[in-house]
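Enquirer: okay, predicted coordinates and the sequence, questions at the end:
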Amino acid sequence: MAVGLISGKTPRADRIDFRQFEAELRSSAETWTQSTVFASSNPDAIAVFSPYGNRTFRALEENANRLANALLQHGLVAGDGVALLCSNRPEFLEVFLATMRIGLRLTPINTHLTPNEVDYIVDNCEAKVFFTMAGAVTHAQLSSSSRFTVVIDGSGEMNRYVDFLASCGCELPVTLVIGSQMLYTSGTTGKPKGVYRDTPEPVMPQFAGTFADYDTTRDVVLCCGPAYHSAPLLFDIRWPLASGVPIVMMEKWDALKVLETIETYGVTHTHMVATMFQRLLVLAAGVRAAKNISSLKLVVHGAAPCPVPVKRAMIDWLGPVLIEYYGATEGGDGIHVNSEDWLKKPGTFGRMDKSLGHVLLDDQLQEVKIGEVGRIYFKAPQSGRFAYFGDSAKTAAAYCGDRFTLGDMGYVDADGFLFLTGRIAECIISGGVNIYPQEVDDVLLTHPAVRDVCTVGIPDAEWGEQVVSLVVARNGYHPDNTLAETLMKYAAEQLASFKRPRQILFEIELPRSASGKLLRKQVRERFWKDQSRAI
């Protein structure tokens, strides 16, 4: 049993080496998920609060076992893929726990994707079982011979979750094998790719001791972001469940509801993104002051840069409880900064640490000097190195020896603090979500009115970046508001809402290299040249 998990607090990074701690947690699926432990020691305590019903630790444990046994009975073996399209509700956690204890590879899917986008990921991750919501399931998915589809909130003739759950007993599976997650992440070209590992890898272990310093007698974690995203899945689900700390799951974001939930449940920990901060801050001062949210001990944020004035206002309001991180679904040791250090160095993401493999390199892969801009590299984990599932070329491009990069640029000051300046990779980050500009281009290019197109992210005070498509119209089409509305409607039919262009701007020509390559960076710079930031 991992040391300290049943005591009042989980181990701190300064009390125990967290790599050893994670290794012990991963020694078996039972100890890693921990729900078995807390189902035995505190079975009637609520593990999950949700609009779709609560779960005690006992109920969560029994349902996870039933699902695990049903999946095994269905013929799945360790290493097989399972896809999950589910909103923030207890079933998400049950599927997560079930797959983690029998060695399956779980792919949570963005619930805002279109059916075609969902189909791509379900096929690409080679899922043998697909758990989905009734409103999202298609006839093709239900009738597919390559996988078994289970409908979480289904009725009638569908393969219902409740029936699948009831098909097996609640005893622990005979053989426990640690499972893994394969999340899909964005890039600059093509379609999303799954971040795959042969073995699980501890995520930002040097940070975990800070976040997961739980007091299991009083702490409560709020999951107010989508559970399918890597950060809420880690901070708001994985670590709390492994520590016997209850989770409050919100179905969707609502600023006032967040404050009410924190007050009602005495929430102590949560993860947010910069857009959430902005929506909290636009609430009237009196509304914010009327809610008692003094229980908050730690608010972790990341996924997209936070404007300095917004973060300063949050610290002024909540106190020094914010911790910001810079990391990746791909793994490695991330960078983070607490409120006190950030106030001394506004805009920083934290100190670079060479002992953890953080380094800034130029185009010749030489380390840059203090104050000079370079590309940010992380050290790839020694075990569980990531690969982009089914894309060896993209995998190779991300690595440089034992390091890998996300394409971000930055510099460090004389004290070693990192500041981001821009991004070589072309993905757009809007509201903390990564968006492929090429994917938007590919859709618009299929419209007969479009001869050429370039999608970029432009500055946006609320979202960080706004998706805008610059279009060259074909002869015979008039580039006006009517055509712009037509193209936006066309994109809306094929793209998830967060990917759709918010503006269509018409151009006579778009810049391309002599070889015909679209110079997207050049287009983007037109919108960012007068900004204090480039990301």
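Expert: On my side now, so go ahead.
Enquirer: shouldn't R512 be in contact with Q522?
Expert: No: R512 is not in contact with Q522 according to CB atoms under 8 Å; the separation is 9.5 Å. Just so you know, the C-beta spots here come from the backbone N, C-alpha and C atoms, and that holds for glycine as well.
Enquirer: setting the sequence-adjacent residues aside, check what's closest to V468.
Expert: In space, and not counting its chain neighbours, V468 is closest to Q503: 4.6 Å by CB to CB, 6 or more residues apart in numbering.
Enquirer: can you give me phi and psi for that neighbour?
Expert: Q503 adopts backbone torsions of phi -140, psi 150, taken as degrees, to the nearest 10.
Enquirer: isn't it up against Q466?
Expert: Yes: assessed by CB under 8 Å, Q503 is found in contact with Q466 at 7.3 Å.
Enquirer: more neighbours: which of those two?
Expert: Each of Q503 and Q466 has its neighbours counted (other CB atoms under 10 Å); Q466 has more, 19 against 12.
Enquirer: got the residue ranges for the strands in the stretch 301-450 of the chain?
Expert: For the stretch 301-450 of the chain, the strands defined by DSSP state E, counting those that start in this stretch occupy 322-326, 335-338, 350-351, 359-361, 374-379, 387-388, 399-400, 403-412, 417-423, 428-430, 433-435, 450-460.
Enquirer: ok, residues contacting stretch 119-129?
Expert: Residues outside stretch 119-129 that contact it (CB atoms under 8 Å, 6 or more residues apart in numbering): 71, 74-76, 80-83, 105, 107, 109, 113, 130, 138, 140-141, 146-150, 182, 184, 191-194, 389-390.
Enquirer: if we go to 6 Å?
Expert: Counting contacts by CB atoms under 6 Å, 6 or more residues apart in numbering, the residues outside stretch 119-129 that touch it are L76, D80, G81, V82, A83, T107, I109, F130, R147, F148, Y184, G194.
Enquirer: mind checking the end-to-end distance for it?
Expert: 13 Å (CA to CA, to the nearest Å).
Enquirer: in it, what's buried?
Expert: Buried residues in stretch 119-129, counted by 16 or more other CB atoms under 10 Å: D119, I121, V122, N124, C125, E126, A127, K128, V129.
Enquirer: let me have those residues in a markdown table, extended by secondary structure, distance to L67 and pLDDT.
Expert: What follows is those, written out as a markdown table (DSSP: H, G, I helix; E, B strand; the rest coil; distance: CB to CB, whole Å; pLDDT from 0 to 100):
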| residue | secondary structure | distance to L67 | pLDDT |
| --- | --- | --- | --- |
| D119 | helix | 23 | 89 |
| I121 | helix | 21 | 91 |
| V122 | helix | 18 | 92 |
| N124 | helix | 23 | 90 |
| C125 | coil | 18 | 93 |
| E126 | coil | 20 | 93 |
| A127 | strand | 15 | 95 |
| K128 | strand | 14 | 95 |
| V129 | strand | 10 | 96 |
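Enquirer: report the secondary structure state of the residue at the greatest distance from the centre of the chain.
Expert: Computed with CA atoms, centre = their mean, the maximum C-alpha offset from the centroid of the chain is found at G476, amounting to 43.2 Å. Assigned state for G476: coil (three-state reduction, DSSP: H, G, I helix; E, B strand; the rest coil).
Enquirer: next up, the contacts around it.
Expert: With CB under 6 Å, 6+ apart, G476 has no contacts at all.
Enquirer: can you check the pLDDT for it?
Expert: The predicted local confidence for G476 comes out at a pLDDT of 92.
Enquirer: list phi and psi for it.
Expert: The phi and psi values for G476, taken as degrees, to the nearest 10, are phi 100, psi -10.
Enquirer: equivalent analysis for I46, please.
Expert: With angles defined as degrees, to the nearest 10, I46 sits at phi -80, psi 130.
Enquirer: mind listing the helices for the stretch 1-150 of the chain?
Expert: Applying DSSP state H, counting those that start in this stretch to the stretch 1-150 of the chain gives helices spanning 18-25, 29-33, 35-41, 57-73, 90-101, 115-124, 139-143.
Enquirer: before we move on, the earlier item: and which of the contacts of stretch 119-129 is nearest to M249?
Expert: I109 (17.2 Å; CB to CB).
Enquirer: what about the closest one, distance to G302?
Expert: 21 Å (CB to CB, to the nearest Å).
Enquirer: hmm, back to that, now tabulate the contacts of stretch 119-129 in JSON lines and tack on neighbour count.
Expert: Written out in JSON lines, the entries for the contacts of stretch 119-129 read as follows (neighbours: other CB atoms under 10 Å):
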{"residue": "L76", "neighbour count": "20"}
{"residue": "D80", "neighbour count": "19"}
{"residue": "G81", "neighbour count": "23"}
{"residue": "V82", "neighbour count": "28"}
{"residue": "A83", "neighbour count": "27"}
{"residue": "T107", "neighbour count": "27"}
{"residue": "I109", "neighbour count": "23"}
{"residue": "F130", "neighbour count": "29"}
{"residue": "R147", "neighbour count": "17"}
{"residue": "F148", "neighbour count": "19"}
{"residue": "Y184", "neighbour count": "24"}
{"residue": "G194", "neighbour count": "23"}
